[in-house]
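*Asks:* kindly return the folded structure for what I paste below:
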Amino acid sequence: MRACQPSHDGYVERDGVKVFYEVFGSGDPTVMLLPTWSIIHSRHWKLQVPDLARRHRVVTFDGRGNGRSDRPAGAEAYRPAEFTADALTVMDATGTERAVLVALSLGATWALELGALHPERVAGIVFIGPALPLALLSSDRLAHSFTEPLDTDDGWAKFNQHYWREHYREFLEFFFCRCFTEPHSTKPIEDAVGWGLETDPETLIATQLGPRNHGGQVFDPEGAAELAGRLRCPVLVVHGDEDAIRPWATGARLAELAHGELVTIEGGGHAPHVRDPVRVNLLLREFAASLAPRPAGAQGRAWTRALRRRRRALYVSSPIGLGHARRDLAIARELRALHPDLEVDWLAQHPVTRLLEAEGERIHPASALLANESAHVESESAEHDLHAFQAIRRMDEILVANFMVFHDLVAEEAYDLVVGDEAWDIDHFLHENPEQKRAAFAWLTDFVGWLPMPDGGPSEQRLTADYNAEMIEHVARFPRLRDRAVFVGNPDDVVPDRFGPGLPSIRQWTEGHYDFAGYVTGFDPPSSPTPRRCGPSWATDPTSRSASSPSAAPGSAGRCCARSWPPTRWPGAPSPSCAWWWWPGPASTRPASPATTAWRSAPSSPGCTGTWPPATWRWCRAGSAPAWSSSPTAAPSCTSPWPTTSSSTSTSPTAWTATAPAGGWTTPPATPT
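*Replies:* Next comes the predicted model:
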């Protein structure tokens, strides 16, 4: 799921070639994120678009040869001048008279041409890892021919058209491993290889032969230097000093020639906007803001002296999972009981905000800017199947976008404490950017580390171990970034497995780095030590059938129901006596379900209503734990039925049943008296 959707998109056509573009956000100046080498498309800007679009109008387009743009045949179609002309055509089509240009790698060639040859269209340029002929490439890159067959495929010998035709994926993996030289870059490499597979070897060969045979002035060292010297707009160059694609000296020389500013990412590779998105996003917004029109009138600012400030806490509650919202409410109430003068603001997302509002909590307005993590998890849920590790990995652009919202909030408002209940974005990016910490930070979670799924094989074993190793390195390097790390549960709840080969035991490491809070449910658990069955009919009616649907993650109700209903999916024919059990989450939302079904749940009393064929329903309180049975004719149990009133049809004092009328329910059935 994308963190930011375009306001509109479309195609431009020039000389028979269609180029796809997208437009996001609003605000001056417009920022145009240019395409790079067509080995990838415009999605490589996914970590920049949401943050920029909160302040500026943003235009992106897929370079010819990849993405949703055409793949014309022939090397001449990929001359630098063609990409430059495509950019101008997109600017015209989107009504962009002037823009700040941002270019990665080979995109620097058309950015340079635009700035030098069309200065009236360019307000400023940011070059990231510019691939310009302003410094010598490494000797191993220069040692091999691109066009001639080679008797080796070691190292940069893979940068060869004949190798690409036979081993295209292997080349992509080689190349992107050198783009991302930083440790723990598995996700960027995986993304880039996937984007590279969206084009084909012959197209990629043409993108290389075009500049080599028809490059023009920008591909000549003296010509590129002359164009750089002609730039009159502000210039920022960002370059990693461990760039294995283009040497840092290239960026340094460009900044010198263009009289621009050079920012060196020490330890950075070729694409720092991907591996260090927070730092690059801050650089981009600072650069763009310096070129924005100044608002008319005086702009006043206020600052409150430290001892005059109110005690304030910012609570960031994850929308993923059943328990967070209620336990966070309980914790916030206890904090206020201990410190009556404490003000608590919530940075949260739907559906958690619905529960918080019902409880009278203050939702910070910045919450409206968050990209919805719950919706992403729902989009990743294939009916009953949710691969949590991969879902979190694929949530990278949402996590970056939401961290930038958090960053701005704590930079603009003073907080004494930040509480993050599984706020993965905050914890990860504060460790990556520790200088951005502005308040005491308490980190809460009920699981530590990732373990591979059996069907993931050796690849997932390596991935989870790499993610775990990065987390361990973060905590070891910055042990005081988390002022308090709290595990919600007990030591025995932590698995004894190792984080991975050569890594410590998860339980032992957690015991050494966390405090244990025990269980925080947010509601009183049942007093009975054993669960009771809801109704005696299961023991007396062997022909009855049951179906159970727990709703674990917010937003998953629809997928659970679509999978479980109708009862004919279970052994046996449908019957009016078929009982349906539902454990709704405290944040269950209206699902997209079959026409015969509909239900809702309120955050304060999360039951269900339904318009189903006649059937007997059993209702269980949200948060109660179902006891499963492998037999479809056996009744599941619930530890805390809902509502807690007696029933004439049940011997249990805390359970009741109701039989739907012929037309089904449209409101919750009345509690029996």
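
*Asks:* now the strands for the stretch 101-250 of the chain?
*Replies:* Listed from the start of the chain, the stretch 101-250 of the chain has strands (DSSP state E, counting those that start in this stretch) covering 122-128, 235-240.

*Asks:* partners of the longest one in the sheet?
*Replies:* Paired with strand 122-128 in the same sheet, following DSSP bridges, are strand 99-104 (parallel), strand 235-240 (parallel).

*Asks:* give me the residues contacting the last one.
*Replies:* Strand 235-240 is contacted from outside by 115, 124-130, 181, 246, 248, 250-252, 254-255, 258-270, 272-273, 280, 283, 287, using Cβ atoms under 8 Å, 6 or more residues apart in numbering. From N, CA and C alone the C-beta is placed, and that goes for glycine too.

*Asks:* out of the residues you listed, which sit inside helices?
*Replies:* Using DSSP state H, the members of those that fall within helices are 115, 248, 250-252, 254-255, 272-273, 280, 283, 287.

*Asks:* does residue 12 lie in a helix or a strand, and which?
*Replies:* Residue 12 is part of strand 8-14, with elements assigned from DSSP states H and E.

*Asks:* centre of the chain to the helix or strand just after that strand, how far?
*Replies:* Elements were assigned by DSSP H and E; along the chain past strand 8-14, the next helix or strand is strand 17-24. Per Cα atoms, centre = their mean, to the nearest Å, the displacement of strand 17-24 from the mean C-alpha position of its chain is 23 Å.

*Asks:* dump strand 17-24 to CSV, restricted to CA.
*Replies:* Taking only C-alpha atoms (Å, rounded to 0.1, in the frame of the first residue of the first chain), the coordinates of strand 17-24 have been written out as CSV:
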residue,chain,number,x,y,z
VAL,A,17,6.5,7.5,-27.1
LYS,A,18,4.1,7.6,-24.1
VAL,A,19,5.5,8.7,-20.7
PHE,A,20,3.6,8.2,-17.5
TYR,A,21,3.5,10.9,-14.8
GLU,A,22,1.9,11.5,-11.4
VAL,A,23,1.2,14.7,-9.4
PHE,A,24,1.0,14.8,-5.6
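
*Asks:* just want the angle from it to strand 8-14.
*Replies:* For strand 17-24 against strand 8-14, the angle between stretch directions is 150 degrees (axes from the mean of the first three to the mean of the last three Cα atoms, to 10 degrees).

*Asks:* which helices and strands sit right next to strand 17-24?
*Replies:* Secondary structure elements in contact with strand 17-24, counted by 3 or more Cβ pairs under 8 Å, 6 or more residues apart in numbering; DSSP states H and E, are strand 8-14, helix 49-53, strand 58-61, helix 80-93.

*Asks:* tabulate these (JSON lines), appending mean neighbour count and mean pLDDT.
*Replies:* Written out in JSON lines, the entries for the helices and strands packed on strand 17-24 read as follows (neighbours: other Cβ atoms under 10 Å; pLDDT from 0 to 100):
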{"stretch": "strand 8-14", "mean neighbour count": "14", "mean pLDDT": "97"}
{"stretch": "helix 49-53", "mean neighbour count": "25", "mean pLDDT": "98"}
{"stretch": "strand 58-61", "mean neighbour count": "28", "mean pLDDT": "98"}
{"stretch": "helix 80-93", "mean neighbour count": "21", "mean pLDDT": "97"}
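
*Asks:* a markdown table for these, including distance to residue 177?
*Replies:* A markdown table is the format used below for the helices and strands packed on strand 17-24 (distance: least, Cβ to Cβ, whole Å):
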| stretch | distance to residue 177 |
| --- | --- |
| strand 8-14 | 32 |
| helix 49-53 | 25 |
| strand 58-61 | 25 |
| helix 80-93 | 26 |
